[in-house]
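*Asks:* got a predicted structure plus its sequence, pasted below:
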Amino acid sequence: MNNTIPSSSTPVEGRKRTKARTAVVSVLAAGLLLGGGVIAANAATASSPSATAAATSQSEATAATATATAAAKTALARHPLAAALRFFVNGDSSKPNYGQRAAKIATFILDKRPKLAAKLPAALQADLKALKDAADGDRVAKATHIRDTALNGGYGPKIQAQAKRMQEQKADRKA
């Protein structure tokens, strides 16, 4: 007689169940968050439909902003050079926090991704270091210098091609 207890699930089935549980929990959490926003918007002013619509659109705008911010952070973590180049090429240097954000991106690449930074052209490494160490008033000028040099081919043909492609994609989105 065999005294072993038959296994009710194989390791593969266990992973499938874990993935399924994760998916179900994610859907439920999203539904609760979405439902909570709608309930809060409706509870704010149940008598005024235009105020309810405004509250709902405000909560949707807040959610969209949070999603965009999370996506930007994820993009920088996954592909820091592409995200940085996109910021330098397509960023609006007239915004008040442009220089500060550019310095944060340079710091992230140099400090958090040293292996990636070591693979960059020497001129780009030097410009990122100069941007990172620049005073607040000089950051915008250093960031626009990086953009101009990338577009003019000063960092090499690969970076120039990618920068021009990103600039064209932005122009196509606006059109």
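*Replies:* Great, that's in hand.

*Asks:* hey, which helix or strand in this protein has the poorest pLDDT?
*Replies:* In the chain, the helix or strand scored least confidently by mean pLDDT, DSSP states H and E is helix 49-78, which has a mean of 49.

*Asks:* flag every buried residue along the following helix or strand past that one.
*Replies:* Next along the chain after helix 49-78, taking DSSP states H and E as the criterion, comes helix 80-90. Within helix 80-90, the residues that qualify as buried are Pro80, Leu81, Ala83, Ala84, Leu85, Arg86, Phe87, Phe88, Val89, counting by 16 or more other C-beta atoms under 10 Å. All C-beta spots, glycine's among them, are computed from the backbone N, C-alpha and C.

*Asks:* farthest-apart pair in those residues, please.
*Replies:* Within these, Pro80 and Val89 form the most distant pair, 14.7 Å apart (C-beta to C-beta).

*Asks:* dump the residue contacts of Ala150.
*Replies:* Neighbouring residues of Ala150 by C-beta atoms under 8 Å, 6 or more residues apart in numbering: Leu85, Phe88, Val89, Leu124, Ile159, Gln160, Ala163.

*Asks:* next one: Lys170
*Replies:* Listed by C-beta under 8 Å, 6+ apart, the contact set of Lys170 reads Val89, Asn90.

*Asks:* tilt between the helix or strand where it lies and helix 80-90?
*Replies:* Lys170 is part of helix 157-174 when elements are defined by DSSP H and E. Counting by axes from the mean of the first three to the mean of the last three C-alpha atoms, to 10 degrees, helix 157-174 lies at 60 degrees to helix 80-90.
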